[in-house]
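Undergrad: predicted model, plus sequence, below.
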Amino acid sequence: MSRKFIIALAVLTFLLLAAVVVASGQTTTVTKTVQNPDGTYSVIEYPVGKEVAVTLNPISIPGASEQ
């Protein structure tokens, strides 16, 4: 085989592997937009398939428990 062909094949393989590594590291997120009664908006974005911890302040809600 030609030396140029082998080099081109190696570069193509490297680029494909790099694309796979980058794609596997991305996280899918969901974005929700809510309009509040006062006319402002709240935008909530969270990852899909992962546990999300939410801290509420103050935590003095009767009957509430922290896990």
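TA: Now that the structure is in, tell me what you want to look at.
Undergrad: all contacts plus neighbour counts: C-alpha atoms, from now on.
TA: Noted.
Undergrad: run a quick neighbour tally on residue 46.
TA: A total of 14 residues lie near residue 46 under the criterion other C-alpha atoms under 10 Å.
Undergrad: tell me how far residue 18 lies from residue 4.
TA: Distance check for residue 18 against residue 4: by C-alpha to C-alpha, to the nearest Å, it reads 21 Å.
Undergrad: what helices or strands is whatever helix or strand residue 22 lives in leaning on?
TA: Assigned by DSSP states H and E, residue 22 falls within helix 3-24. With contacts defined as 3 or more C-alpha pairs under 8 Å, 6 or more residues apart in numbering; DSSP states H and E, helix 3-24 has no helix or strand neighbours.
Undergrad: what mean pLDDT does it have?
TA: Model confidence over helix 3-24 averages 85 on the pLDDT scale.
Undergrad: now the element after it, going C-ward?
TA: strand 29-35.
Undergrad: so what's residue 43 up against?
TA: The contact partners of residue 43, taken as C-alpha atoms under 8 Å, 6 or more residues apart in numbering, are 31-34.
Undergrad: against residue 34, how distant is it?
TA: Here the criterion is C-alpha to C-alpha. By it, residue 43 lies 6 Å from residue 34.
Undergrad: pull up the overlap in contacts between the two.
TA: Jointly contacting residue 43 and residue 34 under the rule C-alpha under 8 Å, 6+ apart is no residue at all.
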